[in-house]
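Enquirer: have a look at this prediction, sequence included:
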Amino acid sequence: MLYSIDGRPAHDAMVEDGFVIIDNLIKPELLGPLREAAERTIKKARAGEWKERRFVGTPFPPWDEGTDVWGVQHLLHPDLGEPVFAEWYGSEEMINAVCELLQVKPEELQLELFNMLINPQDSDFDLPWHRDAIKPKVPEDEERERLNIPHFGTQWNTALYDESCLFVVPASHNRVRTAEERDITINDPLSRKMPGQLQVHLKAGQTVFYNNNILHRAIYYCANKRVTLHASFGSTEGGHHRAANIFQHGLDWMNEDRFVKTLPPSMITPYNNLQTMSKRAQLEKQQKAAVTASA
Ligand SMILES: O=C(O)CCC(=O)C(=O)O
Ligand SMILES: [Fe+2]
């Protein structure tokens with residue numbers, strides 16, 4: 001069974017708190033190669049040789065304005081040429097942990113995003129309080145409705161160096177915001193005084209999994225090294241609910257054969273599952289458009 005660093009069954013902690021910290025999901029022999037690949041990638045992103053980046057000043061996609069980089073997108077892209085990222089994303093440790101948290105079999109996993117969060121170089125960066133897929137101004141009824149859709153996936157941050165950038169409000173992933181939380185997320189989203197906030201401290205090699213509906217924010221200090229792998233997997237049961245959130249990142253490059261050729265065997269079925277989900281999501285979009293047009 002998978003346990004959190006404080007000894008609780010990881011799945012229980014995830015359900016109750018909306019996040020859980022787990023140790024040792026990087027084999028010791030992969031930590032060095034991952035750090036080296038990350039350093040090469042960060043260098044390219046900061047120099048503008050790798051264009052898929054997130055810039056200070058822009059919290060959410062599209063990240064097309066700015067110069068100082070706080071995130072690097074698409075670590076699995078064949079043009080980056082860093083196979084160790086796929087080796088780790090598809091490693092037994094990761095796959096087993098995700099399967100246990102989602103309570104699915106490996107063949108039910110849906111390959112999704114794999115990015116990296118890094119310290120900017122020129123200025124600090126405050127990522128506002130948010131839920132990834134529910135906008136702050138949605139009416140309470142809609143918020144409740146959307147929170148009631150089961151999550152069908154998990155995302156995580158794995159620190160390659162010690163860091164404490166992420167803040168969460170434990171157990172806020174499955175309830176509507178209080179009046180005060182609502183006010184902060186709409187009117188004061190950079191507040192450092194969210195009631196119940198908890199700073200997540202990660203040691204190198206530790207992973208925090210979190211439900212992306214949890215109220216969360218991050219503070220990036222340019223003086224504190226951050227090199228944190230940021231990725232997600234979905235499950236085939238409800239992966240299509242995740243389509244908008246995933247495809248807003250622009251994943252067309254995953255349709256190419258040369259990408260498929262880079263995948264380790266453990267990721268072939270999750271990749272095929274993503275493709276099936278993508279076709280289904282496109283069909284649903286077309287059907288919706290047709291209904292709207294004829295209404
Ligand atoms: O920086 C972090 O740890 C969180 C990033 C985040 O919330 C996001 O990219 O939506
Ligand atoms: Fe987020």
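Expert: It's in. Residues are numbered from 1 along each chain as shown. Ligands and ions are numbered 1, 2, ... in the order given.

Enquirer: okay, and the beta partners of the residue of the chain at minimum distance from ligand 1?
Expert: Closest to ligand 1 within the chain is residue 218: 3.2 Å, counting by CB to the nearest ligand atom. (C-beta placed from N, C-alpha, C; glycine too.) Beta-bridge pairing of residue 218 under DSSP bridges involves residue 127, residue 166.

Enquirer: what does the stretch 101-250 of the chain have sitting close to ligand 1?
Expert: Taking CB under 6 Å from any ligand atom as the criterion, the stretch 101-250 of the chain approaches ligand 1 at residues 117, 127, 132, 157, 165, 166, 216, 218.

Enquirer: can you pull the pLDDT of the first one?
Expert: For residue 117, the model assigns a pLDDT of 98.

Enquirer: what's the helix or strand for the nearest residue to it once chain neighbours are set aside?
Expert: Of all residues not flanking residue 117 in the chain, residue 228 sits nearest, at 4.5 Å (CB to CB, 6 or more residues apart in numbering). Following DSSP states H and E, one finds residue 228 within strand 227-235.

Enquirer: how far off centre is that strand?
Expert: With CA atoms, centre = their mean, to the nearest Å as the basis, strand 227-235 stands 5 Å off its chain's centre.

Enquirer: now do stretch 47-58
Expert: 17 Å.

Enquirer: how about that stretch: buried residues?
Expert: By neighbour count on 16 or more other CB atoms under 10 Å, the buried set for stretch 47-58 is 50, 52, 53, 54, 55, 56.

Enquirer: so, low pLDDT: which residues of this protein?
Expert: For the chain, the stretches with pLDDT under 70 are 292-295.

Enquirer: all strands for it, in order.
Expert: Assigned by DSSP state E, the strands in the chain fall at 19-22, 53-55, 69-72, 109-118, 125-130, 153-159, 166-168, 198-199, 207-210, 216-220, 227-235.

Enquirer: to residue 6, which of the ones you listed lies closest?
Expert: strand 19-22 (7.9 Å; CB to CB).

Enquirer: any part of that closest one near ligand 1?
Expert: No: judged by CB under 6 Å from any ligand atom, strand 19-22 stays clear of ligand 1, getting no closer than 10.9 Å.

Enquirer: by contact count, what packs against that strand?
Expert: Contacts defined by 3 or more CB pairs under 8 Å, 6 or more residues apart in numbering; DSSP states H and E place strand 19-22 against helix 10-17, strand 207-210.

Enquirer: 10 Å - rerun?
Expert: Packing partners of strand 19-22 (3 or more CB pairs under 10 Å, 6 or more residues apart in numbering; DSSP states H and E): helix 10-17, helix 92-102, strand 153-159, strand 207-210.

Enquirer: now render the ones you listed as TSV, adding mean neighbour count and distance to residue 37.
Expert: Shown next, in TSV, are the helices and strands packed on strand 19-22 (neighbours: other CB atoms under 10 Å; distance: least, CB to CB, whole Å):
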stretch	mean neighbour count	distance to residue 37
helix 10-17	18	27
helix 92-102	18	16
strand 153-159	23	13
strand 207-210	23	17
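
Enquirer: for these, which one sits closest to residue 76?
Expert: helix 92-102 (13.1 Å).

Enquirer: can I get that closest one in PDB? Just the C-alpha atoms.
Expert: Extracted in PDB, the C-alpha atoms of helix 92-102 (Å, rounded to 0.1, in the frame of the first residue of the first chain):
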ATOM      1  CA  GLU A  92       6.900   1.600 -12.200                       C
ATOM      2  CA  GLU A  93       7.000   3.800  -9.100                       C
ATOM      3  CA  MET A  94       4.900   6.600 -10.700                       C
ATOM      4  CA  ILE A  95       2.500   4.300 -12.400                       C
ATOM      5  CA  ASN A  96       1.800   2.200  -9.300                       C
ATOM      6  CA  ALA A  97       1.400   5.300  -7.100                       C
ATOM      7  CA  VAL A  98      -1.100   6.900  -9.600                       C
ATOM      8  CA  CYS A  99      -3.000   3.700 -10.000                       C
ATOM      9  CA  GLU A 100      -3.400   3.400  -6.300                       C
ATOM     10  CA  LEU A 101      -4.500   7.000  -5.800                       C
ATOM     11  CA  LEU A 102      -7.000   6.700  -8.700                       C
END
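
Enquirer: kind regards, and thank you for your time.
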